[in-house]
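Enquirer: quick one: sequence plus predicted model below, questions after.
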Amino acid sequence: MREKIVAGNWKMNNTMEEGLKLTSEVVHMVEDESINQVKVILATPFIHLSNVSKLIQGVDNVYLAAQNCNEHKSGAYTGEISAAMLKSIGAEFVILGHSERREYFNESNQLLKERTDTVLNEGLRPIFCCGESLEIREAETHESFVCQQLTESLFHLDADSFSKVVIAYEPIWAIGTGKTASSEQAQEMHAAIRTHIAQKYGQEVANEIVILYGGSCKPSNASEIFAGKDVDGGLIGGASLKSRDFVDIIKSF
Ligand code: PEP
């Protein structure tokens, strides 16, 4: 049985007070509504991590993620955050290569390869984002584009390290646009990703890799998307900012 994961990516939203309120609400709902078969991950802005970490302590299935991490171990990189710092405050996951970071901060497959290594070396698990633009989807080259992202950033890993990676397939045209991929489109891409992984690492490893869908996922469409046999959960942006919506998505399995 593969893990099921729903991760909320707050992006650059929430003051400290708002973030802690949202966390408390999510924790209470997860506990009160006996949600225990899905790993819930909160990917907060850096400054919230430490306080959110305290609020989720002792809650079995709620985990903490950063939204990014520098590729260097430590040193003179003003304004940056290292994997060791994230680990020291209780983060267990790090989102890498979100399309907003690829686009606005020029993150390349090569840079993400280095960040993946840094995160894994610190014992943290990357949530590695991949996905195509509308232009690429319309040119029908989305499968090879996404497979290339995975090959260039992840396929240098040995099978043991690769098994720790969570993949998030996020078609860029569906992020924050209200335009969701259909459940067929999501399942088709997830299956293609799993096949690509199987060709490199074998079917057994591929069967265990968690592949999340991201892009305008909400309570009204989550169960249909999550029903895909290769869809193991979601990376949720906008809807993760409202506790009820986020928890309803978690309950969509
Ligand atoms: C995201 O940013 O990872 C995302 C999926 O955003 P949204 O759910 O808002 O489309």
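Expert: Now that the structure is in, tell me what you want to look at. Just so you know, these numbers come straight off a predicted model, no measurement behind them.
Enquirer: what is the neighbour count of D32?
Expert: D32 has 9 neighbours, counted by other C-beta atoms under 10 Å. Using the backbone N, CA and C atoms, a C-beta is placed for each residue, glycine as well.
Enquirer: got it, and D248?
Expert: Around D248 there are 18 residues (other C-beta under 10 Å).
Enquirer: which parts of the helix or strand hosting E17 are buried?
Expert: Per DSSP states H and E: E17 is located in helix 16-32. Neighbour counts over helix 16-32 (16 or more other C-beta atoms under 10 Å) mark 19-20, 22-23, 26-27, 29-30 as buried.
Enquirer: buried residues in the helix or strand just after it, which are they?
Expert: Proceeding N to C from helix 16-32, the next assigned helix or strand is strand 39-43, under DSSP H and E. Within strand 39-43, the residues scored as buried using 16+ other C-beta under 10 Å are 39-43.
Enquirer: and the helix or strand just after strand 39-43, what does it pack onto?
Expert: Per DSSP H and E, the first helix or strand lying C-terminal to strand 39-43 is helix 46-56. Contacts defined by 3 or more C-beta pairs under 8 Å, 6 or more residues apart in numbering; DSSP states H and E place helix 46-56 against helix 16-32, strand 62-66.
Enquirer: got the ones you listed as TSV, with mean pLDDT and distance to S182 columns?
Expert: What follows is the helices and strands packed on helix 46-56, written out as TSV (pLDDT from 0 to 100; distance: least, C-beta to C-beta, whole Å):
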stretch	mean pLDDT	distance to S182
helix 16-32	97	28
strand 62-66	98	27
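Enquirer: of all of this structure, which residue lies closest to the ligand?
Expert: G237 (2.1 Å; C-beta to the nearest ligand atom).
Enquirer: adding distance to I209 and pLDDT, write the buried residues of strand 39-43 out as JSON lines.
Expert: JSON lines is the format used below for the buried residues of strand 39-43 (distance: C-beta to C-beta, whole Å; pLDDT from 0 to 100):
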{"residue": "K39", "distance to I209": "14", "pLDDT": "97"}
{"residue": "V40", "distance to I209": "19", "pLDDT": "98"}
{"residue": "I41", "distance to I209": "16", "pLDDT": "98"}
{"residue": "L42", "distance to I209": "22", "pLDDT": "98"}
{"residue": "A43", "distance to I209": "19", "pLDDT": "99"}
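Enquirer: ok, the residues you listed vs A84, which is closest?
Expert: A43 (18.4 Å; C-beta to C-beta).
Enquirer: not counting sequence-adjacent ones, nearest residue to the closest one?
Expert: Excluding the flanking residues, the one nearest A43 by C-beta to C-beta, 6 or more residues apart in numbering is A65, at 3.9 Å.
Enquirer: now K4
Expert: V38 (4.7 Å).
Enquirer: doesn't V247 make contact with the one you found?
Expert: No: using C-beta atoms under 8 Å as the test, V38 is too far from V247 to be in contact (10.2 Å).
Enquirer: of these two, which one has the most company?
Expert: Ranked by neighbour count (other C-beta under 10 Å), V38 and V247 place V247 first, with 23 against 20.
Enquirer: give the other helices and strands that whichever helix or strand the more buried one is part of contacts.
Expert: Using DSSP H and E, V247 sits in helix 243-250. Helices and strands touching helix 243-250, as assessed by 3+ C-beta pairs under 8 Å, 6+ apart, comprise strand 5-9, helix 16-32, helix 219-226, strand 233-236.
Enquirer: elements contacting the longest one?
Expert: Of the remaining helices and strands, those touching helix 16-32 by 3+ C-beta pairs under 8 Å, 6+ apart are strand 39-43, helix 46-56, strand 62-66, helix 243-250.
Enquirer: one more time with 6 Å
Expert: Helix 16-32 makes packing contacts with helix 46-56, helix 243-250 when contacts are defined by 3 or more C-beta pairs under 6 Å, 6 or more residues apart in numbering; DSSP states H and E.
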